[in-house]
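In: Build the 3D model from these lines:
(one chain, ligands or ions: 2)
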Amino acid sequence: MNTKKLQTNIQTLRGSIAIPGDKSISHRSIMFGALAEGETTVTNFLPGADCLSTISCFRQLGVHIEQDGQHVKIEGKGFNGLKEPESVLDVGNSGTTIRLMMGILAGQDFSAVLAGDESIAKRPMTRVVNPLRQMGATIDGRKGAEYTPLAIRGGKLQGFRYELPVASAQVKSAIILAGLQAEGETIIIEPEETRDHTERMIQEFGGKIEKDGHTIKVSGNQVFKGTAIHVPGDISSAAFFMVAAAITENSEVVLKNVGLNSTRTGIIEVMKSMGADITIEKKTSEGEPAGDITVRSSRLKGTTISGDLIPRLIDEIPVIALLATQAEGITTIKDAAELKVKETNRIDTVANELSILGADITPTADGLIIKGRKALNGGMVTSHGDHRIGMMLAVAALITDGEVELADPDAIDVSYPQFFGHLTQLIK
Ligand SMILES: O=C(O)C1=C[C@@H](OP(=O)(O)O)[C@@H](O)[C@H](O)C1
Ligand SMILES: C=C(OP(=O)(O)O)C(=O)O
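Out: Ligands and ions are numbered 1, 2, ... in the order given. Now for the predicted structure:
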């Protein structure tokens with residue numbers, strides 16, 4: 001396996017980075033572009049491996065897509081223009097791709113098989129399969145369709161009312177995408193608010209969706225019109241440099257054009273409550289809100305992270321755990337059992353890898369307990385094939401006393417291919 005010697009013993013980070021496009025919004029721009037009629041152009045698209053998997057799935061469904069780095073042009077086919085794929089749709093490492101594709105394929109009158117890598121094969125799918133079956137789709141797979149490969153035969157769907165058992169934007173979005181192809185109205189109730197990029201994008205494509213508190217209503221038989229989408233920077237990617245600036249000395253980092261949708265900004269609230277020096281300059285824009293985030297070296301204290309905050313920072317928890325190792329006192333993260341079903345079991349991988357570097361961190365059934373402040377040491381660590389674990393460890397290495405070698409650093413390409421280049425650019 002490939003390994004990489006990480007840059008360690010770094011005093012200071014300074015400078016400014018244009019954060020690459022948001023992964024969640026990039027996936028959705030391709031999906032809605034394909035389902036709309038006419039041309040859609042996407043700028044600041046994230047050319048990470050996950051979003052490229054979404055593009056290749058739609059090409060297999062007969063959609064013409066031109067992609068050149070961050071620019072994408074999609075010739076939309078409408079809901080009725082997709083064709084049966086000739087081979088297995090490969091979602092790679094991407095949970096968002098497989099779960100949202102299921103919602104789309106549920107309404108299509110043909111058969112398709114979806115599969116991905118080893119990590120995808122371990123992630124739960126009945127959370128999407130069950131509601132789609134209730135709507136009328138036929139789905140089969142290993143262990144009652146809990147695991148890939150999944151075979152789906154779409155058909156006539158019926159709108160329904162569904163209370164989500166887990167707070168998941170992927171499950172919500174899959175049902176919305178099926179609801180857009182169903183007879184009548186689909187009503188979805190979320191236990192907690194999750195990222196609302198699907199809902200916003202429906203409106204950008206000229207469609208209708210209603211939201212009242214945690215209740216979402218959507219009807220079938222809508223026609224979407226191709227449009228121009230500009231993807232803001234991904235706050236989940238910015239998070240690594242926010243933490244890096246806070247835990248190093250004499251640092252000041254400006255992260256440009258970062259998405260500030262309030263369903264995603266939990267990390268800003270948590271860092272501020274821990275005492276981090278953060279300033280936000282909002283930019284007025286149509287569509288998704290965005291702005292520049294400046295973070296400086298900070299004196300930090302522990303905190304508790306739980307409840308409805310969790311879905312608003314779920315992917316940032318690995319790097320927040322690192323931040324907590326540098327905060328005075330105890331940080332408790334709870335209500336975050338969803339971490340166990342990400343690319344890896346992130347409760348275990350975060351606790352194991354940070355322990356190797358000398359952190360005082362204990363995994364619990366639904367989170368982590370971290371005691372700070374603890375100086376970190378060098379060691380041999382691994383991403384476990386999980387991009388967010390790899391980037392968190394590269395940020396941890398900045399403050400270790402001793403060498404850190406990271407196994408499987410290439411996993412980072414899933415969401416942030418320019419990560420190491422940007423890190424090197426900031427190191428002074
Ligand atoms: O809808 C999305 O784009 C995502 C939703 C979240 O997953 P869940 O829906 O499983 O919580 C998140 O962890 C993932 O990175 C992206
Ligand atoms: C969980 C993630 O993505 P996905 O579910 O799309 O694989 C992530 O990016 O951290």
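
In: Get me the contact residues on the stretch 151-300 of the chain for ligand 1.
Out: S168, A169, Q170, S173, R195 (Cβ under 6 Å from any ligand atom). Bear in mind the C-beta positions are built from the backbone N, C-alpha and C, glycine included.

In: cutoff 8 Å now
Out: Residues of the stretch 151-300 of the chain lying near ligand 1 by Cβ under 8 Å from any ligand atom: 166-173, 194-195, 197-198, 236.

In: cool, the stretch 1-150 of the chain as well?
Out: K23, S24, H27, R28, G95, T96, R99, L100.

In: ok, 5 Å please
Out: S24, T96 (Cβ under 5 Å from any ligand atom).

In: Can you give the contact residues for the host helix or strand of I361?
Out: Assigned by DSSP states H and E, I361 falls within strand 360-364. With contact meaning Cβ atoms under 8 Å, 6 or more residues apart in numbering, strand 360-364 is reached by 321, 325, 334, 347-348, 350-351, 354-355, 368-372, 374.

In: Which of these fall within strands?
Out: If you go by DSSP state E, these have L368, I369, I370, K371, G372 in strands.

In: how far away is the second one from ligand 2?
Out: Going back to what we said before, that points to I369. 22 Å (Cβ to the nearest ligand atom, to the nearest Å).

In: I figured that residue hits A336, correct?
Out: No - assessed by Cβ atoms under 8 Å, I369 is found out of contact with A336, at 11.8 Å.

In: Between the two, which has more neighbouring residues?
Out: A336 (22 against 18; other Cβ atoms under 10 Å).

In: hmm, back to that, can you say which of the contacts of strand 360-364 are buried?
Out: Neighbour counting by 16 or more other Cβ atoms under 10 Å classes 321, 325, 334, 347, 350-351, 354, 368-372, 374 among these as buried.

In: tell me the contacts of the closest residue to G69 other than its chain neighbours?
Out: Of all residues not flanking G69 in the chain, P47 sits nearest, at 5.7 Å (Cβ to Cβ, 6 or more residues apart in numbering). P47 is in contact with Q67, G69, Q70, P417, counting by Cβ under 8 Å, 6+ apart.

In: can you tell me how far the nearest residue to the last one once chain neighbours are set aside sits from E405?
Out: Closest residue to P417 in three dimensions, ignoring its sequence neighbours and counting by Cβ to Cβ, 6+ apart: G48, at 5.9 Å. Using Cβ to Cβ, to the nearest Å, one obtains 24 Å as the distance from G48 to E405.

In: Looking at these two, which is more packed in?
Out: Taking other Cβ under 10 Å, G48 and E405 do not tie; G48 has more neighbours (26 against 16).

In: Please tell me I have it right and that one contacts I412.
Out: No - G48 sits out of contact with I412 when judged by Cβ under 8 Å, with a separation of 9.0 Å.

In: Quick check: G378 touching L398?
Out: No - G378 is beyond contact range of L398, at 11.9 Å (criterion: Cβ under 8 Å).

In: Find residues that contact each of these two.
Out: What both G378 and L398 touch, as defined by Cβ under 8 Å, 6+ apart, is the set T8.

In: more neighbours, the two?
Out: More crowded of G378 and L398, by other Cβ under 10 Å: L398, with 25 against 18.

In: show me the contacts for that one.
Out: Residues in contact with L398, defined by Cβ under 8 Å, 6+ apart, are Q7, T8, N9, I10, L13, A244, I247, T248, I427.

In: Could you report the neighbour count for R161?
Out: 11.

In: Quick check: it touching I187?
Out: Yes - applying Cβ under 8 Å as the test, R161 and I187 come out as touching, 4.3 Å apart.

In: buried residues in stretch 87-107?
Out: 89-107.

In: Repeat that for stretch 384-402.
Out: 384-400.

In: In the stretch 51-200 of the chain, which residue sits nearest ligand 2?
Out: Nearest to ligand 2, among the residues of the stretch 51-200 of the chain, is G95, at 2.7 Å (Cβ to the nearest ligand atom).

In: List the contacts of the closest residue to that residue other than its chain neighbours.
Out: Excluding the flanking residues, the one nearest G95 by Cβ to Cβ, 6+ apart is R123, at 5.8 Å. The contact partners of R123, taken as Cβ under 8 Å, 6+ apart, are G95, Y147, V341, K342.

In: Neighbouring strands of the helix or strand of the chain with the lowest mean pLDDT in the sheet, and parallel or not?
Out: In the chain, no helix or strand scores lower on mean pLDDT, DSSP states H and E than strand 277-283, which sits at a mean of 94. As defined by DSSP bridges, the strand partners of strand 277-283 come to strand 290-296 (antiparallel).

In: Give me the contacts around the partner strand.
Out: 232-233, 238, 241-242, 245-246, 251-260, 268, 271, 276-283.

In: gap between the closest residue to R299 other than its chain neighbours and Q203?
Out: Closest residue to R299 apart from its sequence neighbours, by Cβ to Cβ, 6+ apart: G275 at 5.8 Å. Plainly put, G275 is 38 Å away from Q203 if you go by Cβ to Cβ.

In: how far away is L13 from ligand 2?
Out: Taken as Cβ to the nearest ligand atom, the span from L13 to ligand 2 is 23 Å.

In: For the stretch 1-150 of the chain, what lies in contact range of ligand 2?
Out: Counting by Cβ under 5 Å from any ligand atom, the stretch 1-150 of the chain sits next to ligand 2 at S94, G95, T96.
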